[in-house]
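Trainee: my questions are about this predicted structure, shown below with the sequence.
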Amino acid sequence: MKLSIIIVSYNSAPFLEAGLHSLYDSLKNSTFELFVVDNNSQDTSADLVKTFFPKVRLILNKINIGFGAACNQVLRQAKGEYLLLMNPDVRVHPTTLSEMVSYLQNHRNIGILAPQLRFANGSLQYSCRRYPRFPSHFAKILFSRSPLTSDYLMLDKDHTLIQDIDWSLGAFLLVRKQVIDQIGGFDERFFLYFEDIDLCRRAKQAGWRVVYYPKAVATHLYQQASHRLFSKPFFYHLMSMYKYYRKYGFRQ
């Protein structure tokens with residue numbers, strides 16, 4: 001089997017149905033396995049999957065165990081040569097996955113491939129980024145127009161070009177199964193946020209390339225919840241940021 005798809009859902013009903021339909025529409029002639037891991041949603045996410053997508057392998061968690069831990073539940077049993085990590089609020093375009101799988105097949109040293117992500121209005125989302133440094137990350141949170149933020153978001157680069165990157169948002173990543181077999185799954189100390197940076201970083205440390213591939217495009221209905229001061233996602237962001245710098249050092 002070529003492709004295993006993992007979607008982690010937490011109160012994602014407003015997005016999940018359209019996201020799943022976009023996947024099925026783009027994979028009509030493909031063999032794949034599709035998992036939805038529901039982290040104890042309090043909305044109709046699980047019922048929606050059971051009713052309208054009976055072929056989906058639904059995993060129901062009794063508590064919210066976090067994004068990385070939920071992905072790891074599937075990574076241990078996935079059979080695909082390639083693993084797609086996809087958020088419920090992503091819409092796959094008709095050729096997104098076929099283009100990405102083909103590119104990975106032809107470039108054996110690439111471990112993680114990221115598409116170009118666009119907002120719902122079609123504008124570019126700066127999803128491929130440099131590793132965060134302590135000053136630049138606080139600048140991004142507090143001052144969106146800071147020069148440090150521009151460096152972090154790679155605004156000096158042409159985002160229409162294929163290029164090696166440090167990391168990309170975990171909203172949509174195609175990962176070679178060999179990478180997971182080699183480095184393990186997500187670091188479950190990151191409950192939410194920074195687990196994607198850590199995964200890409202460990203893949204690169206193990207000798208794999210992480211590549212931004214803008215010829216493949218997906219739409220991400222991105223919500224900047226983590227930037228709302230004193231919200232629950234904001235505190236998750238701060239906790240994960242602290243754990244990240246504890247792991248890799250505050251002076252990078």
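Mentor: On my side now, so go ahead.

Trainee: start to end distance for stretch 4-14?
Mentor: 23 Å (CA to CA, to the nearest Å).

Trainee: give me the contacts around it.
Mentor: Contacts to stretch 4-14, defined as CB atoms under 8 Å, 6 or more residues apart in numbering, come from residues 16, 19-20, 23, 32-46, 48-49, 64, 67, 70-71, 74-75, 78-80, 82-89, 177. (Each C-beta comes from the backbone N, C-alpha and C, glycine too.)

Trainee: switch to 6 Å and redo it
Mentor: Residues from elsewhere that reach stretch 4-14 (CB atoms under 6 Å, 6 or more residues apart in numbering): 16, 33-39, 41, 43-45, 48, 67, 70-71, 74, 78, 80, 83-86, 88.

Trainee: now those residues: which count as buried?
Mentor: When neighbours are counted using 16 or more other CB atoms under 10 Å, the contacts of stretch 4-14 contain these buried positions: 16, 33-39, 41, 44-45, 48, 67, 70-71, 74, 78, 80, 83-86, 88.

Trainee: mind checking which of the contacts of stretch 4-14 are in helices?
Mentor: For the contacts of stretch 4-14, the ones inside helices are L16, S45, L48, F67, A70, C71, V74, with DSSP state H as the criterion.

Trainee: so who does the first one touch?
Mentor: Translated: L16. If you count contacts by CB under 6 Å, 6+ apart, then L16 has S9, S45, P88 around it.

Trainee: so what's the residue count around Q163?
Mentor: Applying other CB atoms under 10 Å, we find 14 other residues in the vicinity of Q163.

Trainee: correction: T31
Mentor: Counted with other CB under 10 Å, residues neighbouring T31 total 9.

Trainee: now, among the ones in helices among the contacts of stretch 4-14, which is nearest to H93?
Mentor: L16 (17.9 Å; CB to CB).

Trainee: distance of the residue most central in space within the chain from F190?
Mentor: With distances taken as CA atoms, centre = their mean, G170 lies nearest the centre of the chain, 1.7 Å away. Taking CB to CB, to the nearest Å as the criterion, G170 is separated from F190 by 10 Å.

Trainee: go on, Y10?
Mentor: 15 Å.

Trainee: higher neighbour count, those two?
Mentor: With other CB under 10 Å as the criterion, Y10 and F190 differ in neighbour count, and F190 comes out ahead with 24 against 19.

Trainee: quick one: what helix or strand has T51 in it?
Mentor: Here T51, judged by DSSP states H and E, is contained in helix 45-52.
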